[in-house]
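K.L.:
what shape does this take:
(2 chains)
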There are 2 protein chains.
Amino acid sequence: MDEFSLISRYFRRSGSSAALGIGDDCGIVSVSPGTQLAVTTDTLVSGVHFFENTDAELIGWKSLAVNVSDLAAMGAAPRYFTLALTLPSPSESFLEAFSRGMFALADQCGIEILGGDTTSGPLSITITAMGELPRGKGILRSKAAAGDDIWVSGDLGGAAHAVGLIRRGLEPPADCLEKLHRPQPRVALGLLLTDTANSMLDVSDGLLADLGHILEASGKGAQLELDAIPLTGSLGRLDRNEALLCALTGGDDYELCFSAPRKKREQVKKIADLAQTPVSRIGTITGEPGIEANLNGQSYRLPARRGYNHFEEAWSLRPGTQ
Amino acid sequence: MDEFSLISRYFRRSGSSAALGIGDDCGIVSVSPGTQLAVTTDTLVSGVHFFENTDAELIGWKSLAVNVSDLAAMGAAPRYFTLALTLPSPSESFLEAFSRGMFALADQCGIEILGGDTTSGPLSITITAMGELPRGKGILRSKAAAGDDIWVSGDLGGAAHAVGLIRRGLEPPADCLEKLHRPQPRVALGLLLTDTANSMLDVSDGLLADLGHILEASGKGAQLELDAIPLTGSLGRLDRNEALLCALTGGDDYELCFSAPRKKREQVKKIADLAQTPVSRIGTITGEPGIEANLNGQSYRLPARRGYNHFEEAWSLRPGTQ
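P.N.:
Residues are numbered from 1 along each chain as shown, chains lettered A, B, ... in the order given. So this is what the prediction gives:
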């Protein structure tokens, strides 16, 4: 099966709302009046971002999910994506499962494929996703204000715990596996927070690292209530410190972390109900740089962290090289 | 040096015209009223799309050039691109040269970096490029009309000839090397052809394959004058058939192939002058499917070809595996 048949068979879908979809030199999109386009790109490499034996369906889901999560983190409505798929060989079973997983999430989020490229090489997937925003309403990392509540959606730590267990040859609990393999981008929550949150991002490198990005971009600090951090259910069985470590420094959560004025506390709760997405209030933005954390009435000063670093830390994610 | 320092050092530039550039979950762009956005994505994999010992500066140039060429082929004005760079290790000398080559072309074409992702893994580059089009004015593959002249810009075959020589351990002539390593996307020509060309694409897989895409999408055929096909200068030293084979079936030309009504022949020549880009008239669109080629007064029926196929043919591009 050649490249053109592959594209046609697995990636061309009927009913695109784009002005021009797959099949020409470019796709063409119209952008609604009064809106801007948010654009993000993320690559997943086999053996680095997912274990080499991961189901293709889950790879398809997650490749799109991590990008849609970035759109959600700006408060953008998902619209279109391009797929650059590099494959060692054109395996039909891989493509069938991969496209099924990817389009399952696409249909759930209302995002459409606009074009792509298939090439031969070591397995990796780059998706570029585009979403629409009301003009000037993107929720940035740089606008956190002192006194803001700090919120996080869903629960944290499950994906990191699953990775740790898989590396040791153990079977992770179902809820942690689900967090690792089938993250749910918080699209509705992100959209609804447009006029409420001051700052927002998605948690992909661990809460401390990502909150650190907000603090650095905003020139602020934070006081964190570690007892308030929502942990993935099965982490309740772990030692409390180990569970917190997963949530604070583990990656792959794809929850939203945002700050909002204290006076909008009730509004945040209503939005969370409307989006059917749980949120937890985990701390306060402060005027002084640095993160101070409270646990069991004790106060800790946490080191500044620069986030998950692909060139210093990625190798340890490879199965079998721990 | 970590991922964030890398991005900042080599890819963050001052003076972006985007509403929001590198550094948040997404970049944000405004699209001018009355325009649409053309979007394209292409991946270059080491050992498949370029020889493993190619200068990083040339890889940077070409990675962006092949994408800008797709914008040119729609008649779009280049605006923004995202870069997904997968690297075995964060080599500063690679990044310095790669970014220098990429931004040299970006500055020439007026396209700006909007965001990106750096990951660890086997060397590959995926760029997604965006350009603006007057609404409804994209030049498609599907609108060739019977009787249209067929035109091609610049010259063909040089890149394919260079690849053939490099594989045999020989030094290619300078003009062929330049075609292979530093293709010039025909942006001005593409833009100016908006109200003149009926159909257009860029020649990346060889003239026959790419013209075949126009013919298939338009439900038409073609009569080609092989004597009129413009060959890269040094190909004049080759056997005529060998030179034509490079132009007809070799890849990596990144010239524009377009069709335009016969009555616009003088207009096409004026546009080419204005764009300072040579064009050659090489045949006629016909109502009957298939390509008929004339050479030295002889007529040949050429087989339908489906284009450069990454999964059937890419391997032969690898150095040393011929």
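
K.L.:
pull the residues that contact the helix or strand hosting A:F98.
P.N.:
Following DSSP states H and E, one finds A:F98 within helix A:92-109. Helix A:92-109 is contacted by residues A:1, A:6, A:9-11, A:13, A:55-65, A:68, A:78, A:81, A:83, A:85, A:87, A:112-113, A:185, A:187 when judged by CB atoms under 8 Å, 6 or more residues apart in numbering or on different chains. Every residue, glycine included, has its C-beta placed from N, CA and C.

K.L.:
ChimeraX command to pick out the buried ones of those residues?
P.N.:
Only the buried entries of the contacts of helix A:92-109 go into this ChimeraX selection, using 16 or more other CB atoms under 10 Å in any protein chain shown:
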select /A:6,10,11,56,57,58,59,60,61,62,63,64,65,68,78,81,83,85,87,112,113,185,187
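
K.L.:
in helices, which of the contacts of helix A:92-109 fall?
P.N.:
A:6, A:56-65, A:68, A:187 (DSSP state H).

K.L.:
in these, find the pair that's most separated.
P.N.:
Taking CB to CB, the two most distant members of the ones in helices among the contacts of helix A:92-109 are A:L6 and A:V187; they sit 29.0 Å apart.

K.L.:
quick one: the strands in chain A?
P.N.:
A:27-29, A:35-45, A:77-87, A:112-120, A:124-134, A:149-153, A:199-203, A:221-225, A:255-260, A:279-286, A:290-295, A:298-302 (DSSP state E).

K.L.:
hmm, B:T119 and A:V48 touching each other?
P.N.:
Yes - using CB atoms under 8 Å, A:V48 is in contact with B:T119, at 6.4 Å.

K.L.:
what's the domain layout of chain A?
P.N.:
A:3-134, A:149-317 (automatic domain parsing).

K.L.:
which residue does the stretch 151-300 of chain A bring closest to chain B?
P.N.:
A:L201 (5.4 Å; CB to the nearest CB).

K.L.:
quick check: closest non-adjacent residue to that residue.
P.N.:
Using CB to CB, 6 or more residues apart in numbering or on different chains and skipping the chain neighbours, the partner closest in space to A:L201 is A:A73 (4.9 Å).

K.L.:
mind checking pLDDT for that neighbour?
P.N.:
What the model reports as pLDDT for A:A73 is 98.

K.L.:
near it, how many other residues are there?
P.N.:
32 (other CB atoms under 10 Å in any protein chain shown).

K.L.:
so who does it touch?
P.N.:
With the criterion set at CB under 8 Å, 6+ apart, A:A73 makes contact with A:I139, A:G190, A:M200, A:L201, A:D202, A:L256, B:D25, B:C26.

K.L.:
now for the fifth one, how many residues are close by?
P.N.:
By other CB under 10 Å, the residues close to A:D202 number 27.

K.L.:
what's the answer for the first one, then?
P.N.:
Residues near A:I139, counting by other CB under 10 Å, number 28.

K.L.:
what's the residue nearest the centre of chain A sitting at in phi/psi?
P.N.:
In chain A, the residue lying closest to the centroid (CA atoms, centre = their mean) is A:Y254, at 3.2 Å. The phi/psi pair for A:Y254 (degrees, to the nearest 10) reads phi 60, psi 30.

K.L.:
list the contacts of it.
P.N.:
Counted by CB under 8 Å, 6+ apart, A:Y254 has contacts A:A65, A:V66, A:S69, A:P183, A:Q184, A:P185, A:R186, A:D202, A:V203, A:S204.

K.L.:
quick revisit: what about the residue of the stretch 151-300 of chain A closest to chain B, distance to A:Y254?
P.N.:
The span separating A:L201 from A:Y254 equals 11 Å under the rule CB to CB, to the nearest Å.

K.L.:
could you do A:P289 as well?
P.N.:
A:P289 is 27 Å from A:Y254, by CB to CB.

K.L.:
kindly report the same for A:T86.
P.N.:
23 Å.

K.L.:
redo the contacts of A:A73 as TSV? Include distance to A:P230.
P.N.:
What follows is the contacts of A:A73, written out as TSV (distance: CB to CB, whole Å):
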residue	distance to A:P230
A:I139	21
A:G190	17
A:M200	17
A:L201	17
A:D202	15
A:L256	12
B:D25	21
B:C26	25
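
K.L.:
out of these, who's nearest A:A293?
P.N.:
A:L201 (19.1 Å).

K.L.:
quick check: bridge partners of A:L295?
P.N.:
A:Q298 (DSSP bridges).

K.L.:
OK, contacts around it?
P.N.:
Counting by CB under 8 Å, 6+ apart, A:L295 has contacts A:L226, A:D227, A:L244.

K.L.:
what does A:G158 give?
P.N.:
A:D175, A:C176, A:E178, A:K179, A:L180, A:L231, A:T232, A:G233, A:S234, A:L235, A:C246, A:D253.

K.L.:
how about A:L231?
P.N.:
A:D155, A:L156, A:G157, A:G158, A:A243, A:L244, A:C246, A:A247.

K.L.:
which strand residues bridge it?
P.N.:
Bridge pairing for A:L231 - DSSP bridges - gives A:L156.

K.L.:
number of residues surrounding the nearest residue to A:T194 once chain neighbours are set aside?
P.N.:
Nearest residue to A:T194, sequence neighbours excluded (CB to CB, 6+ apart): A:G75, at 4.3 Å. The tally of other residues near A:G75 (other CB under 10 Å) stands at 29.

K.L.:
which bits of the stretch 151-300 of chain A sit near chain B?
P.N.:
A:L201, A:D202, A:A217 (CB under 8 Å from any CB of the partner chain).

K.L.:
pLDDT score for the second one?
P.N.:
So the one you mean is A:D202. 97.

K.L.:
tell me, how many residues neighbour the spatially closest residue to A:S299 that is not a sequence neighbour?
P.N.:
Leaving aside its chain neighbours, A:S299 sits nearest to A:E292 (6.1 Å; criterion: CB to CB, 6+ apart). For A:E292, the neighbour count with other CB under 10 Å is 16.
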